[in-house]
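K.L.:
quick one, what's the 3D model for this:
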Amino acid sequence: MPEELNWQPSASLEDLRARQELLQRIRSFFIDRGYLEVDTPIMGQFASSDVYLENIRASFGGNEYALQTSPEYHMKRLLAAGSGPIFQISKVFRDDELGRWHNPEFTMLEWYRPGFSHYQLIEEMDGFLQTVLNCPPARRISYQTLFELFCEEINPHTASIETLQSCLERTQLTGILDPGEQDRDQYLFLLLAEVIEPQLAKLQEPVVVYDFPVSQAALARVNGNVAERFEVYFRGVELANGFHELCDAEIQARRFKRDNEKRQEKGLSTVAIDMRFLAALDHGLPQCSGVALGIDRLIALALNKTSIREIMAFSIENA
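P.N.:
Numbers count the residues shown, from 1 in each chain. Next up is the predicted model:
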């Protein structure tokens, strides 16, 4: 065998033991609060329609399947069947970038609490982070307030393309987007990543950003001019994405249709709609909120690591 062949784990055995202890702490947090731990398929018949996510594909018996980007649809089918509060720690897969905080296969924690608004789930998330990370209580700030503070007081919910272009010029971010870009979200994504997130990284406590633009609702409810969703950042790392979940099958079907239209506009392949998921919504998804959190990122932060490879048994480079 070639001597230079790297067969060793990506993480030290000491850090893998620490990882196990943190996973036990995470499970105890939810079990003590009456959650049921569930296990749903990694390989499913339907892919995500999200314009910004791509599934990794698999085949079996001559049919094509999708390695799941999230256990969300299957977990919501359990909720519709009457499961009550549930959580899951599962492997998920995304055909995405590779970097310090990204690996195509990673571990996700996802949980749903019937009867909770996204504000109530933020409260539970705050307690969870303090339990696992021993960190200060989270700071909570609306998406609009962030843009008003760090992007020259623009209103992200109403700003025109021209206003957003001017903001890019003033923050020296010209030349990154196509000059003719007409998707407002592309401007907002860029400003959030390049202007706002570096400011959040300076804070000592986690930050919960809530009430996003309607155009970024994904699977969240819309209330007036905001989507009832939140994201969590800590030490410059995006940790979690939560929603006050949409329960209306007809609205969700329209969003899936719009996703495919956007995918076509961007030259991406369209995906078949998960009719089983829509049928579960139609049967009756209970009013609930849910959140997905990157376990590898969480553990890396808890152990003061600079990349998720340091706490994964084998990253993609030596998998």
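K.L.:
now stretch 87-98: buried residues?
P.N.:
Neighbour-count burial for stretch 87-98 flags 87-90, 92-94 (criterion: 16 or more other CB atoms under 10 Å). C-beta coordinates here come from the backbone N, C-alpha and C atoms, glycine included.
K.L.:
the residue lying closest to residue 199 once chain neighbours are set aside: neighbouring residues, count only.
P.N.:
Using CB to CB, 6 or more residues apart in numbering and skipping residues adjacent in sequence, the residue nearest residue 199 is residue 150, 5.5 Å away. Residues within reach of residue 150, counting by other CB atoms under 10 Å, total 18.
K.L.:
quick one: pLDDT of residue 150?
P.N.:
With respect to pLDDT, residue 150 has a value of 94.
K.L.:
then residue 66?
P.N.:
Confidence for residue 66, expressed as pLDDT, is 97.
K.L.:
tell me the SS of it?
P.N.:
Of the three states, residue 66 takes strand according to DSSP: H, G, I helix; E, B strand; the rest coil.
K.L.:
make sure it is actually in contact with residue 41.
P.N.:
No: using CB atoms under 8 Å, residue 66 is not in contact with residue 41, being 10.1 Å away.
K.L.:
which of the two has more neighbours?
P.N.:
When residue 66 is set against residue 41 and neighbours are counted by other CB under 10 Å, the residue ahead is residue 66, at 21 against 13.
K.L.:
confirm residue 20 sits in a helix?
P.N.:
Yes: counting by three-state DSSP, one finds residue 20 located in a helix.
K.L.:
oh, and call the first residue 440 from now on, that's how I've got it
P.N.:
Renumbered: residue one is now 440, and that last one reads residue 459.
K.L.:
residues near it, how many?
P.N.:
By other CB under 10 Å, 11 other residues sit near residue 459.
K.L.:
what of residue 689?
P.N.:
Residues near residue 689, counting by other CB under 10 Å: 10.
K.L.:
phi, psi for it please.
P.N.:
Main-chain torsions, residue 689, degrees, to the nearest 10: phi -70, psi -40.
K.L.:
go on, residue 482?
P.N.:
phi -110, psi 120.
K.L.:
quick one: contacts for the residue lying closest to it once chain neighbours are set aside?
P.N.:
Nearest residue to residue 482, sequence neighbours excluded (CB to CB, 6+ apart): residue 504, at 4.7 Å. Taking CB atoms under 8 Å, 6 or more residues apart in numbering, we find residue 504 in contact with 482-484, 496-498.
K.L.:
identify the bridge partners of residue 504.
P.N.:
residue 497 (DSSP bridges).
K.L.:
cool, residue 532 as well?
P.N.:
With DSSP bridges as the rule, residue 532 is bridged to residue 544.
K.L.:
residue closest to the middle of the chain?
P.N.:
The residue lying closest to the centre of the chain (CA atoms, centre = their mean) is residue 680, at 4.2 Å.
K.L.:
so which strand or helix has the nearest residue to residue 747 once chain neighbours are set aside?
P.N.:
If the residues on either side of it in the chain are set aside, residue 747 comes closest to residue 735, at 4.0 Å by CB to CB, 6+ apart. Following DSSP states H and E, the helix or strand that holds residue 735 is helix 734-741.
K.L.:
and residue 636, by the same measure?
P.N.:
Going by DSSP H and E, residue 636 is in helix 636-639.
K.L.:
how about residue 562?
P.N.:
Taking DSSP H and E as the definition, residue 562 sits inside helix 557-572.
K.L.:
and that helix, how far from the chain's centre?
P.N.:
Averaging C-alpha positions (CA atoms, centre = their mean, to the nearest Å) puts helix 557-572 16 Å from its chain's average.
K.L.:
try stretch 727-746
P.N.:
Distance, centroid of stretch 727-746 to centroid of chain: 11 Å (CA atoms, centre = their mean).
K.L.:
also stretch 520-528?
P.N.:
18 Å.
K.L.:
next: stretch 659-674.
P.N.:
With CA atoms, centre = their mean, you get 11 Å for stretch 659-674.
K.L.:
average pLDDT across it?
P.N.:
96.
K.L.:
same check on stretch 611-631?
P.N.:
If you average the pLDDT values across stretch 611-631, you get 92.
K.L.:
stretch 564-581 now?
P.N.:
97.
K.L.:
dump the C-alpha coordinates for it into PDB.
P.N.:
Extracted in PDB, the C-alpha atoms of stretch 564-581 (Å, rounded to 0.1, in the frame of the first residue of the first chain):
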ATOM      1  CA  MET A 564     -33.600  27.600  21.000                       C
ATOM      2  CA  ASP A 565     -32.000  30.200  23.300                       C
ATOM      3  CA  GLY A 566     -32.200  27.700  26.200                       C
ATOM      4  CA  PHE A 567     -30.800  24.900  24.000                       C
ATOM      5  CA  LEU A 568     -27.800  27.000  23.000                       C
ATOM      6  CA  GLN A 569     -27.000  28.000  26.600                       C
ATOM      7  CA  THR A 570     -27.300  24.300  27.700                       C
ATOM      8  CA  VAL A 571     -25.000  23.000  24.900                       C
ATOM      9  CA  LEU A 572     -22.600  25.800  24.400                       C
ATOM     10  CA  ASN A 573     -22.500  27.400  27.900                       C
ATOM     11  CA  CYS A 574     -23.000  30.700  26.100                       C
ATOM     12  CA  PRO A 575     -24.700  33.900  27.200                       C
ATOM     13  CA  PRO A 576     -28.400  34.400  26.300                       C
ATOM     14  CA  ALA A 577     -29.000  35.200  22.600                       C
ATOM     15  CA  ARG A 578     -29.500  38.700  21.300                       C
ATOM     16  CA  ARG A 579     -32.600  39.000  19.200                       C
ATOM     17  CA  ILE A 580     -32.900  41.500  16.300                       C
ATOM     18  CA  SER A 581     -35.200  41.700  13.300                       C
END
